[in-house]
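Trainee: Have a look at this prediction, sequence included:
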Amino acid sequence: MPELPEVEVTRRGFADRIAGAQVQAVRVGKPLRWALAVPPESLVGRQVIGVRRRGKYLLVDLDQGLLLLHLGMSGSLRFDLELPPPGAHDHFDLQTSAGTLRLHDPRRFGAVVHVSDESSLLARKLLGRLGMEPLGEHFDPAAFHAGLQRRRAPIKQVLLAGDVVVGVGNIYASEALFLAGIRPTTLAARISRPRAARLHAAVRDVLGRAVERGGSTLRDFSGVDGQGGYFQLEAMVYGRAGQPCRVCGQPIRLLRQGQRATYFCAQCQKA
């Protein structure tokens, strides 16, 4: 599943190029997770003001309204002046004067939704409960610790929930917890302020490096230029069950939390 780094890499790949462009045509293919919510032809003539990100959502600001895009489990976007004819898994085309933005999604869990603004009922339903942006200036260590203190669940699952901090997906939660020296089964409420500060810094570090490496490509993620990410090649624990820890040499362990695979080092992450 594309996580925050993959979505941010996608945004950076086309945001500057599409800004200021005018929508010339819209094609909608097979139904996605949510309907577009307006007739496609009503978007023709609109101007793209810019592209933002909130968690794993891309927000394409138009001169009237905005589009909320989500890549779902297997989606990816392409943007170019010329794209081949749409295939069976190409479900949305936004043709503009600067090029065509296309959503490719084999499993169709992604979505493109038009809303009037972020205060609309649908926008608040999708975005309203998202936690702090980990790469933003408002990701405050004290607020992060306070959020953890209110949760009685294991820290790994709290990170994945997205209501304290948004976008820390499965790969990056395992990596950040390793970097902070915190075992994934530790209850969030038991994490002290100093340890929460280390985890706060680790989350920012891991996600920042992942963006620089183009995200992680485990199966089918690619950026708007069709290139995959490389962060998974330098993972310290994720996907390395049974292999020696890069720090202490002990075998990396695997456990299941909420049906998700968790990787950790019992020596480096003692509590």
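Mentor: That came in fine, so what should we check first?

Trainee: which stretches of this protein form strands?
Mentor: Shown for the chain, the strands assigned by DSSP state E span residues 23-28, 48-54, 57-62, 66-70, 76-80, 90-96, 99-104, 111-115, 253-257, 260-264.

Trainee: longest helix of this protein?
Mentor: In the chain, taking DSSP state H as the definition, the longest helix is helix 193-212.

Trainee: Check which residues of that one are buried.
Mentor: By neighbour count on 16 or more other CB atoms under 10 Å, the buried set for helix 193-212 is 195-200, 202-204, 206-207, 210-211. Where you see a C-beta, it was placed from the backbone N, CA and C, and this is true even at glycine.

Trainee: ok, back up a step: for Asp163, find the nearest of the strands of the chain.
Mentor: Comparing those against Asp163 with CB to CB, the closest turns out to be strand 48-54 (13.7 Å).

Trainee: what are the pairing partners of the closest one, and which direction each?
Mentor: Strand 48-54 has its sheet partners listed here by DSSP bridges as strand 57-62 (antiparallel).

Trainee: who touches the partner strand?
Mentor: 7, 10-11, 18, 23, 43, 46-53, 66-70, 77, 94, 118, 126-127 (CB atoms under 8 Å, 6 or more residues apart in numbering).

Trainee: ok, back up a step: distance to Leu148 and pLDDT for the buried residues of helix 193-212 - can I get that in TSV?
Mentor: Shown next, in TSV, are those (distance: CB to CB, whole Å; pLDDT from 0 to 100):
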residue	distance to Leu148	pLDDT
Arg195	9	97
Ala196	6	98
Ala197	11	98
Arg198	12	98
Leu199	8	98
His200	10	98
Ala202	13	97
Val203	12	97
Arg204	15	96
Val206	17	93
Leu207	17	94
Ala210	22	89
Val211	24	89
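
Trainee: buried set for stretch 24-40?
Mentor: Those would be Val26, Gly29, Leu32, Arg33, Leu36, Pro40, for stretch 24-40 by 16+ other CB under 10 Å.

Trainee: Now do the same contact list for Gln149.
Mentor: For Gln149, the contact set (CB under 8 Å, 6+ apart) comprises Ala188, Ala189.

Trainee: distance of it from Arg190?
Mentor: As judged by CB to CB, to the nearest Å, Gln149 and Arg190 stand 9 Å apart.

Trainee: and what of Glu6?
Mentor: Relative to Arg190, and taking CB to CB, Glu6 is found at 31 Å.

Trainee: which one of these two has more residues nearby?
Mentor: Shown here are Glu6 and Arg190; by other CB atoms under 10 Å, Glu6 has more neighbours (29 against 12).

Trainee: Local confidence estimate at the more buried one?
Mentor: Listed pLDDT for Glu6 reads 88.

Trainee: now do Val168
Mentor: pLDDT, Val168: 92.

Trainee: what are the phi and psi values for it?
Mentor: phi -90, psi 90 (degrees, to the nearest 10).

Trainee: Near the residue lying closest to it once chain neighbours are set aside, how many other residues are there?
Mentor: Take Val168 and drop its neighbours on the chain: the residue closest to it by CB to CB, 6 or more residues apart in numbering is Leu159, 4.5 Å away. Other residues near Leu159 come to 28 when the count uses other CB under 10 Å.
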